[in-house]
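Engineer: What follows is a predicted protein model with its sequence.
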Amino acid sequence: MSAPIGGDLGGYYRLHAPIYDLTRPAFLFGRERVLDRLRAHWQHERAPAILEIGCGTGRNLDGLAHRFPGARLVGLDLAEAMLERARRRLGDRACLIRGAAGEVDAGGPFDIVLLSYVLTMTGAAQTRCIAAAHAALAPGGLLGVVDFERTPIHAFARWMAVNHVRFDPELPERVAGGLTPLTMESHTAYFGAWRWFLSVGRR
C-alpha cells in the first residue's frame with residue numbers, strides 16, 4: 001500500500017498549530033515573495049480560482065485574497081487543528097477542505113495552485129503530490145512553489161527530518177517539469193545553513 005500524502009502529520013500539527021504563525025517567520029522564508037510573483041504573472045483581468053495545497057492556518061490564502069479581490073479560494077490541509085485556525089482567519093472567504101490533493105474533490109481546475117513549504121514534508125508521497133498539483137491546473141494556469149532546497153550541514157538535516165522535513169536539491173527541477181518557467185530563484189538562509197527556492201511555472 002502506498003504511503004499517504006503527508007504521512008502522520010496530524011499529531012505534529014496538533015502541537016504546533018497554536019504557535020505556528022508566531023514561530024514560522026523565523027525560517028519559512030519567501031512566502032510573501034511567492035504571492036507577489038503569482039500576482040505579477042497573472043495576466044488576466046478576471047479573478048482567478050486559486051487552490052493552496054497544505055494551506056495550514058490560512059496565512060497565504062489571506063494574502064492571496066488581498067492580492068486577487070474576488071478570487072475563488074480553496075484550501076486543502078491534512079491537519080484539522082490547522083484548518084480550525086484557518087476558518088477563524090478566513091471566515092467565508094475560502095472553502096477549506098480536510099484531505100490531500102488528488103485524494104479529495106477540490107472543485108478544480110484552478111488558475112493558480114500554491115504549495116508553500118509542503119513538498120519537503122510529503123515523504124514517500126512527494127511525487128504523487130507534485131502530480132496532483134499539476135493535474136489541478138487549468139490550461140495556462142500558474143503553479144507557485146516555495147520550499148526548502150538543500151543544506152550542507154548533516155546534523156541540521158537530521159534535526160529537520162525529526163520535524164518531517166526532507167531536503168532535496170532536485171526538488172525544484174521536479175516541480176517545474178512540464179511547465180513553462182516564469183520564475184526560478186534560490187536563496188541562502190542564515191549564512192548558508194540552508195537554501196530555499198521559489199518557482200512559478202505556467203501550464
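Structural biologist: That came in fine, so what should we check first? Here the structure is a predicted model, which means the values were calculated and not measured.
Engineer: where are the low-confidence patches of this structure?
Structural biologist: Within the chain, the stretches with pLDDT under 70 are 1-27.
Engineer: Which residue ranges of it form strands?
Structural biologist: 49-53, 72-77, 94-98, 110-116, 137-150, 180-189, 194-202 (DSSP state E).
Engineer: Nearest approach to Leu171 belongs to which of those?
Structural biologist: Nearest to Leu171 among the strands of the chain is strand 137-150 (6.6 Å), distances taken as Cβ to Cβ. C-beta coordinates here come from the backbone N, C-alpha and C atoms, glycine included.
Engineer: Strand partners (parallel or antiparallel) of the closest one?
Structural biologist: Strand 137-150 sits in its sheet next to strand 110-116 (parallel), strand 194-202 (antiparallel), going by DSSP bridges.
Engineer: could you dump those to JSON lines with distance to Leu51 and mean neighbour count?
Structural biologist: Output for the strands paired with strand 137-150, formatted as JSON lines (distance: least, Cβ to Cβ, whole Å; neighbours: other Cβ atoms under 10 Å):
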{"stretch": "strand 110-116", "distance to Leu51": "4", "mean neighbour count": "25"}
{"stretch": "strand 194-202", "distance to Leu51": "15", "mean neighbour count": "21"}
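Engineer: In TSV: those, plus distance to Asp92.
Structural biologist: Formatted as TSV, those follow (distance: least, Cβ to Cβ, whole Å):
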stretch	distance to Asp92
strand 110-116	19
strand 194-202	28
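Engineer: For Glu149, find the nearest of those strands.
Structural biologist: strand 194-202 (4.3 Å).
Engineer: between the strands paired with strand 137-150, which gets nearest to Gly140?
Structural biologist: strand 194-202 (6.3 Å).
Engineer: Between strand 180-189 and that closest one, find me the angle.
Structural biologist: Relative orientation of strand 194-202 versus strand 180-189 (axes from the mean of the first three to the mean of the last three Cα atoms, to 10 degrees): 170 degrees.
Engineer: between the strands of the chain, which one is nearest to Ala65?
Structural biologist: When the strands of the chain are compared by Cβ to Cβ, strand 72-77 sits nearest Ala65, at 6.1 Å.
Engineer: partner strands of that closest one, parallel or antiparallel?
Structural biologist: Sheet pairing of strand 72-77 (DSSP bridges) gives strand 49-53 (parallel), strand 94-98 (parallel).
Engineer: Extract the C-alpha trace of the last one and format it as PDB.
Structural biologist: By that I understand strand 94-98. Extracted as PDB, the C-alpha positions of strand 94-98 are listed here (Å, rounded to 0.1, in the frame of the first residue of the first chain):
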ATOM      1  CA  ALA A  94     -12.400  30.500   1.400                       C
ATOM      2  CA  CYS A  95     -13.600  26.900   1.100                       C
ATOM      3  CA  LEU A  96     -11.400  24.800   3.400                       C
ATOM      4  CA  ILE A  97     -11.300  21.000   2.900                       C
ATOM      5  CA  ARG A  98      -9.600  18.400   5.000                       C
END
